[in-house]
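> Task: produce atomic coordinates for the following.
(4 chains, ligands or ions: 4)
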There are 2 protein chains.
Amino acid sequence: MLHLLITPDIILLVVRDSIQILQAQGYKITKPRKQVLKALEETQEPLSPYDIQRILRQQGKYLNHVTIYRILDLFRRLNLAHRVLSSGGFVKCALRDKQGCHRLMVCRCCGALQEFIDDKLCQHESELAQNSGFHTEYHLSESSGICSDCYKKQ
Amino acid sequence: MLHLLITPDIILLVVRDSIQILQAQGYKITKPRKQVLKALEETQEPLSPYDIQRILRQQGKYLNHVTIYRILDLFRRLNLAHRVLSSGGFVKCALRDKQGCHRLMVCRCCGALQEFIDDKLCQHESELAQNSGFHTEYHLSESSGICSDCYKKQ
DNA sequence: GCTTAATTGCAACAATGTTGCATTTATTGA
DNA sequence: TCAATAAATGCAACATTGTTGCAATTAAGC
Ligand SMILES: [Mn+2]
Ligand SMILES: [Mn+2]
Ligand SMILES: [Zn+2]
Ligand SMILES: [Zn+2]
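Numbers count the residues shown, from 1 in each chain, chains lettered A, B, ... in the order given. Ligands and ions are numbered 1, 2, ... in the order given. Below you'll find the model as predicted:
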């Protein structure tokens, strides 16, 4: 339901990219880490730690939930993934939002997520914050509404 | 830590206002509901259901956690309160953000929250969404950064 | 004061998240 | 290729958070 066009090619590319980042920072490339990366990449929805465990289990792979929590925490710190605020799930960060700015639109009917980026918006928002002395580092925001599909159906 | 100037006068005003809304919609004005409202109003931070339970217990008032969950759910539906996405807590909505648009800045050092409103920002964001067919109903977004106090200390 | 529908409390349970420590594994370089 | 070793994982035990069905209570209206 994450409305980003993710083809198998891109998945491979992005997974490899993430692995390079892990390596560059001195983290081991372990089987569990690769599996969590792949799950986040392939699934078109935000995944909670337990979602990921379920998905992997269905593929005959068992990871302890503690391990998954720790891996997701690492990914978050490295900006390889980020939380979806409203659901508490995690999504894999696409290459294009490396800047650390994540804006989501969430459809209240079907739960569809759409991520977008707009520099002017970030700038405007940062300026507003600045006016009250706040120094913005990154935006992780969600808007609520109705996606085009659900809108047509009404 | 919620940087909104909330004086005892305003608390009384806003609590009364919320009670009118409850009444107008045919909901009973019960002791538990008044207590949860007051706790949200008086506390300067977002409160989780269990936070609220703790606070009230310290005042010798016991509410079952199930009750608190149900009350918060009702408040949310009536737009008397809304969730703080990053913490999972709830904040009481001030009168001025009745429009249903809630923008927060969260300090990653001290956790301070600052809520603000900017029509131009909402408009810009809605337009962007519209471009991809998304119909925005309300914004509930959070930016991350450093508040003025923490910035000075560095 | 009654009546009654709405609300709350309770019990039992399910899901989510955390910590300390033993075991395993990926990396390095001999 | 194989040991050494630091890093990562698994496990157990626990803590916190959230849900459901049903009985008891309560606020609102007469
Ligand atoms: Mn992202
Ligand atoms: Mn608000
Ligand atoms: Zn939709
Ligand atoms: Zn601060």
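> What's opposite the residue of chain A found nearest ligand 1 in the beta bridge?
Ligand 1 sits closest to residue A:102 of chain A, with a gap of 3.8 Å, by CB to the ion. The C-beta positions use only the backbone N, C-alpha and C, and glycine is treated the same way. With DSSP bridges as the criterion, residue A:102 is bridged to residue A:140.
> show me the contacts for it.
A:82, A:93, A:115, A:138, A:139, A:140, A:141 (CB atoms under 8 Å, 6 or more residues apart in numbering or on different chains).
> tell me which element the third one is part of?
Right, the one you point to is residue A:115. Element membership of residue A:115, judged by DSSP states H and E, is strand A:113-116.
> shaky segments in chain A?
Regions of chain A meeting the criterion pLDDT under 70 cover residues A:1-16, A:94-100.
> What ranges does it have for its strands?
Remark: strands assigned in chain A by DSSP state E are A:81-83, A:90-92, A:102-107, A:113-116, A:135-146.
> most tightly surrounded among those strands?
strand A:90-92 (a mean of 25; mean count of other CB atoms under 10 Å in any protein chain shown).
> What residues are bridge-paired with the residue nearest to the spatial centre of chain A?
Taking CA atoms, centre = their mean, the centroid of chain A lies closest to residue A:91, which sits 2.2 Å from it. For residue A:91, the beta-bridge partners under DSSP bridges are residue A:82.
> my guess is it meets residue A:80, correct?
No: with contact defined as CB atoms under 8 Å, residue A:91 does not reach residue A:80; the gap is 10.4 Å.
> separation between the closest residue to ligand 4 within chain A and residue A:118?
Residue nearest to ligand 4 within chain A: residue A:134 (8.9 Å; CB to the ion). Between residue A:134 and residue A:118 the computed distance is 20 Å (CB to CB, to the nearest Å).
> Please apply the same query to residue A:107.
19 Å.
> looking at the strands of chain A, which is closest to residue B:51?
Comparison of the strands of chain A against residue B:51 by CB to CB identifies strand A:81-83 as nearest, at 20.5 Å.
> Pull up the gap between residue A:154 and residue B:83, please.
Distance of residue A:154 to residue B:83, given as CB to CB: 26 Å.
> Just list the residues touching the closest residue in space to residue A:109 that isn't next to it in sequence, thanks.
Of all residues not flanking residue A:109 in the chain, residue A:150 sits nearest, at 4.0 Å (CB to CB, 6 or more residues apart in numbering or on different chains). Residues near residue A:150 by CB under 8 Å, 6+ apart: A:107, A:109, A:110, A:112.
> just the buried members of the residues you listed?
The neighbour-count test (16 or more other CB atoms under 10 Å in any protein chain shown) marks A:107, A:112 as buried among those.
> of the contacts of residue A:150, list those near ligand 3.
Subset of the contacts of residue A:150 in contact with ligand 3: A:107, A:109, A:110, A:112, counting by CB under 5 Å from the ion.
> out of the residues you listed, which one sits closest to residue B:70?
residue A:109 (23.9 Å).
> Pull the contacting residues for the closest one.
So residue A:109 contacts A:146, A:147, A:150 (CB under 8 Å, 6+ apart).
> For the closest residue to the second one other than its chain neighbours, which residues count as its bridge partners?
Looking back up the chat, that one is residue A:147. Spatial nearest neighbour of residue A:147, chain neighbours left out: residue A:107 (3.8 Å); criterion: CB to CB, 6+ apart. Counting by DSSP bridges, residue A:107 is bridged to residue A:145.
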